[in-house]
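Asks: One predicted model, sequence on top.
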Amino acid sequence: GESVGLHLPTLSVQEGDNSIINCAYSNSASDYFIWYKQESGKGPQFIIDIRSNMDKRQGQRVTVLLNKTVKHLSLQIAATQPGDSAVYFCAENGVDSSYKLIFGSGTRLLVRP
Amino acid sequence: EPEVTQTPSHQVTQMGQEVILRCVPISNHLYFYWYRQILGQKVEFLVSFYNNEISEKSEIFDDQFSVERPDGSNFTLKIRSTKLEDSAMYFCASRSQGGEAQHFGDGTRLSIL
């Protein structure tokens, strides 16, 4: 069946260090992936996306890497800041017509000052 | 920046009562979604809506649930007879015709007593 999962439930990093959040997906037919950030009491906030015909995409301080061979997705955050503390979800955009999102279980990122 | 807005932010309802959750999607978006997140769990897809009809629904979206776009701006989720297990955060999301990324509101916390 379809599933998207995460390796690490909690990640603690020092302010200024780089963070890497990982995600595994099981549907090899998925062609679009998204990372969302969710702060307490807020909805998922779009961070970055990547299509399956790409291996890497960069944004402002964030990079998403896609390894289709092992069905693995990662989010790299450079120079992590206290404001980056949140739960991060990867999501898989299904290939059906509705493009529903299938979310992973989330990783909590804690930034130590 | 345009955003999805949801009201109310918190709804407390007696079990068995009807509840309507409201959403105003981003104005030029054409695809609309409802998701829910039970406390401590991942975000789950409920239903997608396009061109004034449901395009896909999950197993959670049973006969007690319905959606409606009563006018050009609102998108509502109705639960006819609420159950204790309906307690969750409910998120509305929308996306544009050409874009794939879904943008989320900050949710309605539904508490069933």
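Replies: Now that the structure is in, tell me what you want to look at. As the structure is a prediction and not an experimental result, all values here were calculated from the model. Numbers count the residues shown, from 1 in each chain, chains lettered A, B, ... in the order given.
Asks: Show me which residues of chain B sit near chain A.
Replies: Contact residues, chain B versus chain A (C-beta under 8 Å from any C-beta of the partner chain): B:4, B:6, B:31, B:33, B:35, B:41-45, B:48, B:50, B:55-56, B:58, B:91, B:93, B:95, B:100-107. C-betas here are computed from N, CA, C, even on glycine.
Asks: try 10 Å this time
Replies: Contact residues (C-beta under 10 Å from any C-beta of the partner chain) of chain B with chain A: B:3-4, B:6, B:9, B:31, B:33, B:35, B:37, B:40-50, B:54-58, B:89, B:91-93, B:95, B:99-107, B:109.
Asks: quick one: buried residues of stretch B:68-82?
Replies: Going by neighbour count (16 or more other C-beta atoms under 10 Å in any protein chain shown), the buried part of stretch B:68-82 is B:69, B:75, B:77, B:79, B:82.
Asks: Same question for stretch A:19-39.
Replies: Applying 16+ other C-beta under 10 Å to stretch A:19-39 flags A:19, A:21-25, A:30, A:32-38 as buried.
Asks: and the most centrally placed residue in chain B, bridged to which residues?
Replies: Central residue of chain B (C-alpha atoms, centre = their mean): B:Trp34, 3.4 Å from the mean position. Residues in a beta bridge with B:Trp34, per DSSP bridges, are B:Val47, B:Cys92.
Asks: how about it, what does it touch?
Replies: Contact partners of B:Trp34, counting by C-beta atoms under 10 Å, 6 or more residues apart in numbering or on different chains, are B:21, B:23, B:44-49, B:57-58, B:60-61, B:65, B:67, B:75-77, B:90-93.
Asks: Repeat that for A:Ser52.
Replies: Contacts of A:Ser52 by C-beta under 10 Å, 6+ apart are A:28-33, A:66, A:68, A:93, A:95.
Asks: so which of those residues also contact chain B?
Replies: For chain B, the contacts drawn from the contacts of A:Ser52 by C-beta under 10 Å from any C-beta are A:31-32, A:93.
Asks: Those residues in strands, which ones?
Replies: A:32, A:93 (DSSP state E).
Asks: Low-confidence stretches in chain B?
Replies: B:98-99 (pLDDT under 70).
Asks: swap that for chain A, sorry
Replies: For chain A (pLDDT under 70), the answer is A:1-8, A:94-97.
Asks: So what sits opposite A:Lys56 in the bridge?
Replies: A:Leu65.
Asks: these two touch, right, it and A:Val62?
Replies: No: between A:Lys56 and A:Val62 there is no contact under C-beta atoms under 10 Å: 11.4 Å.
Asks: neighbour count winner among these two?
Replies: When A:Lys56 and A:Val62 are compared for neighbours, A:Val62 comes out ahead with 17 against 12, by other C-beta atoms under 10 Å in any protein chain shown.
Asks: For the more buried one, give me phi and psi.
Replies: Main-chain torsions, A:Val62, degrees, to the nearest 10: phi -120, psi 150.
Asks: At the contact with chain B, which residues of chain A appear?
Replies: Counting by C-beta under 10 Å from any C-beta, chain A comes close to chain B at A:4-6, A:31-32, A:34, A:36, A:38-39, A:41-49, A:51, A:87, A:89, A:91, A:93-94, A:96-106.
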